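Novice: The following block contains a protein sequence and its predicted model.
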Amino acid sequence: KAGVTQTPRYLIKTRGQQVTLSCSPISGHRSVSWYQQTPGQGLQFLFEYFSETQRNKGNFPGRFSGRQFSNSRSEMNVSTLELGDSALYLCASSFGGLAATDTQYFGPGTRLTVL
Amino acid sequence: AQSVTQLDSQVPVFEEAPVELRCNYSSSVSVYLFWYVQYPNQGLQLLLKYLSGSTLVKGINGFEAEFNKSQTSFHLRKPSVHISDTAEYFCAVSVGGSNYKLTFGKGTLLTVNP
């Protein structure tokens, strides 16, 4: 069974631009979560989608948004990029039934660099 | 709100030595606990998880962890490490209810030297 895939793997943008990252979950998984990983803040939860609805949200500004499609694929968008948005963005998928106990399967991440 | 503290940011050990990576959590409600491993340039992989039941949890690659409610700890152990265990290890906690998310510790870099 194919794992979680994320595209692109690497991205370079400049301040003020916007970016869209994509995540394809494991087949049959209906929940997709996004995390930001930086050396200073570690892994931080952005949001979680289940059946095309945002079910949970972390403490990030409104510049960070996401959506989920009917096939469970998800996209994350960051508008008006700032230098501090440089990070590894990880996507994770799970079955999504009992969210707190589900095993999350992570993709390899998208490395975003903002210049 | 829940939080996770990984007491050691780096742990160097020699090959075939035992290792313990420490994790303490804080939460006002019951928690579920996880250990993930991240190899260079890769995503996170689940090592083991504690949901309920036996407090000693066995995971992949010979790792195990013990849940201690009174000390709010979930330390990860391996009796004999290999070079290939060199990676960053993350402890994480989730709580039940509708506000679900994984809260991670800052990670412990395990370096296994020959």
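Specialist: Yep, it's here. All values derive from a computational prediction rather than experimental measurement.
Novice: Just list what the least confident helix or strand in chain A by mean pLDDT packs against, helices and strands only.
Specialist: When the helices and strands of chain A are scored by mean pLDDT, DSSP states H and E, strand A:53-57 comes last with a mean of 89. If you count contacts as 3 or more Cβ pairs under 8 Å, 6 or more residues apart in numbering or on different chains; DSSP states H and E, strand A:53-57 packs onto strand A:42-50. Glycine gets a C-beta too; all of them are placed from N, C-alpha and C.
Novice: Which strands and helices lie in contact with the strand it packs on?
Specialist: Strand A:42-50 packs on strand A:31-38, strand A:53-57, strand A:64-68, strand B:103-104, going by 3+ Cβ pairs under 8 Å, 6+ apart.
Novice: Nearest to residue B:43, out of the ones you listed?
Specialist: Of all those, it is strand A:31-38 that lies closest to residue B:43, at 9.7 Å by Cβ to Cβ.
Novice: That closest one pairs with which strands?
Specialist: The pairing partners recorded for strand A:31-38 under DSSP bridges are strand A:42-50 (antiparallel), strand A:87-94 (antiparallel).
Novice: how about CSV for these, with distance to residue A:23 and mean neighbour count added?
Specialist: Formatted as CSV, the strands paired with strand A:31-38 follow (distance: least, Cβ to Cβ, whole Å; neighbours: other Cβ atoms under 10 Å in any protein chain shown):
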stretch, distance to residue A:23, mean neighbour count
strand A:42-50, 10, 22
strand A:87-94, 3, 24
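Novice: got those as CSV, with mean pLDDT columns?
Specialist: Formatted as CSV, those follow (pLDDT from 0 to 100):
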stretch, mean pLDDT
strand A:42-50, 92
strand A:87-94, 95
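Novice: Can you redo those strands as TSV, where the extra columns are distance to residue B:83?
Specialist: Converted to TSV, the strands paired with strand A:31-38 look like this (distance: least, Cβ to Cβ, whole Å):
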stretch	distance to residue B:83
strand A:42-50	25
strand A:87-94	24
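Novice: What parts of chain B come near chain A?
Specialist: Contacts of chain B with chain A, taken as Cβ under 8 Å from any Cβ of the partner chain, map to B:32, B:36, B:41-46, B:49, B:51, B:90, B:92, B:94-107.
Novice: go again using 6 Å as the cut-off
Specialist: Within reach of chain A by Cβ under 6 Å from any Cβ of the partner chain, chain B has these residues: B:32, B:42, B:43, B:44, B:46, B:51, B:94, B:96, B:100, B:101, B:104, B:106.
Novice: With residue B:66 as the reference, name the closest of the strands paired with strand A:31-38.
Specialist: Of these, nearest to residue B:66 by Cβ to Cβ is strand A:42-50, at 23.1 Å.
Novice: Please point out which parts of stretch A:47-63 sit buried.
Specialist: A:47, A:48, A:49, A:50, A:55, A:56, A:58, A:60 (16 or more other Cβ atoms under 10 Å in any protein chain shown).
Novice: Fine, thanks again, bye for now.
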